[in-house]
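Got a sequence here, can you model it:
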Amino acid sequence: MASWATLSPSIVEYFEGEDFYRCGYCKNESGSRSNDEPMDSAVDDAVVGDFALINKLDIRCDLKTLSDDLKESFESEDMKGKDSKKEESTELIQSQDVEEKLGSGEPSHLVKVHTAPKPGKGADLSKPPCRKAKEIRKERKRLKLMQQNPAGEPEGFQAQSQPPSLFPPKAKSNQPKSLEDLILESLPEDASHKLEVRLVRSSPPSSQFKATFQDSYQVYKRYQMVIHKDPPDKPTVSQFTRFLCSSPLEAENRHNGPDCGYGSFHQQYWLDGKIIAVGVIDILPYCVSSVYLYYDPDYSFLSLGVYSALREIAFTRQLHEKASQLSYYYMGFYIHSCPKMKYKGQYRPSDLLCPETYVWVPIEQCLPSLENSKYCRLNQDPEAVDEGRCKEPDRLQVFHKKAIMPYGVYKKHQKDPGEEATVLQYASLVGQTCSERMLLFRN
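Prediction:
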């Protein structure tokens, strides 16, 4: 059966030349490079990964599992203050540069740091370890029941002779909560605040998106001015629309896809009837791609970057239940040398896309190499084919005069001497695999 990408290929228009500009994260004057390649139809997650740039590596999370470290760090926030009398050999410290980290989604909540016990304090190793009062009471009750019925099982423990209960046993309270339990738990009726997350299609804009456009834009404008220090005249409506609203992805609904369909969306976070944050995402057949997050700076203390990432992960797992092939969460570029982008590696299990072989590699295997070099081949298999280069440009697919043809056929009818150089430059950027899967539009 043909793949979805084959049934609906992307049409790419390549604009010759390179535009270097100042990177908003690294502040390098030539740290970013763009080649405008609008796509007229929806693309799958493989194509998303195929546009990795030098020193920028795509990162994705496998949503089948989530690391215990991530869940524990979230639980520590949820349970904070409920057990304040418990003595621990840890102390809580506030992470640095909270405001900067929140903007990119970097965890900025309180973290545990193990410290050595202070002199004169700590456990006495010559005595037995302390036990909880609840455990002691259970032990005493068990011994008492055994004394009352020494010949057999103590009363109250003869579960096998009793008829089965009509109600299943309650789950143990000390079992770790799932991600969904932590962030999707229903609030009580008398809760002081109400949080609601709404998914609205941004392209083409739905009626809900249009109705909330101005409110959403005002949050974006304040975010850019306060967090990224943009002047008031820079985050205009047209800039906001071009950056985060207009999308080359086509809206599509499939019988075996999620109910919301595929395409570009905004996830709006409403607190007490007011938009306080917006997560911009693309829903694709095999993944949810996280594009951008902006929030009201007045709510920085809520760690919205971390919270929105966890919500998007949980949302992707919900979509996976309806569309089983949708099983990855893409966090965009990973830049190991940039602290504002390096935080993405804390979400495990994660993979980085090798920029030469286009193979996903577990991030744990990549980190030693990235510590030594900003750019490196991540795939350690020496026999792996270098998919980052187009070795057979004649097989590149061209869309010309409403017809699809290989470049080898197209070039025979071209007289412009600069045309071949332009097409070869495009081929060198997208690689062999993508050049055969997408259609290069030529007049």
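
Where does pLDDT dip in this structure?
For the chain, the stretches with pLDDT under 70 are 1-8, 17-57, 63-132, 134, 146-173, 387-388.

Mind jotting down where the helices sit in this protein?
Counting by DSSP state H, the chain has helices at residues 4-7, 45-49, 68-78, 98-104, 133-148, 179-183, 207-211, 213-226, 237-240, 304-322, 339-342, 363-372, 407-410, 417-437.

Of all the ones you listed, which one is nearest Asp190?
Among the helices of the chain, helix 68-78 comes nearest to Asp190, with 19.4 Å by C-beta to C-beta. Where you see a C-beta, it was placed from the backbone N, CA and C, and this is true even at glycine.

Determine the longest strand present in the protein.
strand 274-284 (DSSP state E).

quick one: that one to helix 304-322, angle?
40 degrees (axes from the mean of the first three to the mean of the last three C-alpha atoms, to 10 degrees).

Show me what strand 274-284 pairs with in its sheet, parallel or antiparallel.
strand 263-271 (antiparallel), strand 287-295 (antiparallel) (DSSP bridges).

looking at the ones you listed, which is closest to His320?
strand 287-295 (9.4 Å).

Pull out the buried residues from the closest one.
Residues of strand 287-295 classed as buried: Cys287, Val288, Ser289, Ser290, Val291, Tyr292, Leu293, Tyr294, Tyr295 (neighbour count, 16 or more other C-beta atoms under 10 Å).

Any idea which of the strands paired with strand 274-284 gets closest to Lys221?
strand 287-295 (9.1 Å).

Okay, angle between that closest one and helix 213-226 too, please.
Using the same axes, to 10 degrees: strand 287-295 against helix 213-226 is 70 degrees.

and Ser327, what are its phi and psi?
phi -140, psi 20 (degrees, to the nearest 10).

my guess is it contacts Leu319, does it?
No. Ser327 is not in contact with Leu319 according to C-beta atoms under 8 Å; the separation is 9.2 Å.

hang on, the earlier thing: now, which of the buried residues of strand 287-295 sits nearest Asp272?
Tyr295 (14.9 Å).

how far away is the closest residue in space to that closest one that isn't next to it in sequence from Leu310?
Nearest residue to Tyr295, sequence neighbours excluded (C-beta to C-beta, 6 or more residues apart in numbering): Ala277, at 3.6 Å. For Ala277, the distance to Leu310 equals 13 Å [C-beta to C-beta, to the nearest Å].

Check Cys245 too.
In terms of C-beta to C-beta, Cys245 sits 25 Å off from Leu310.

Those two: which is more packed in?
Leu310 (22 against 19; other C-beta atoms under 10 Å).

Now do the nearest residue to the more buried one once chain neighbours are set aside: how many residues are near it, please.
Closest residue in space to Leu310, ignoring its immediate chain neighbours: Ile183 at 5.5 Å, by C-beta to C-beta, 6+ apart. Residues contacting Ile183 under the criterion other C-beta under 10 Å number 18.

so what's the residue nearest to Asn253 when sequence neighbours are not counted up against?
What sits nearest to Asn253 in space, not counting adjacent residues and going by C-beta to C-beta, 6+ apart, is Gly261, at 4.1 Å. Listed by C-beta atoms under 8 Å, 6 or more residues apart in numbering, the contact partners of Gly261 are Arg201, Ala251, Glu252, Asn253, Arg254, Ile283.

if I look at Gly261, how far off is Arg60?
From Gly261 to Arg60 the distance is 21 Å (C-beta to C-beta).

How about Val226, nearest residue that isn't a chain neighbour?
Pro297 (4.1 Å).
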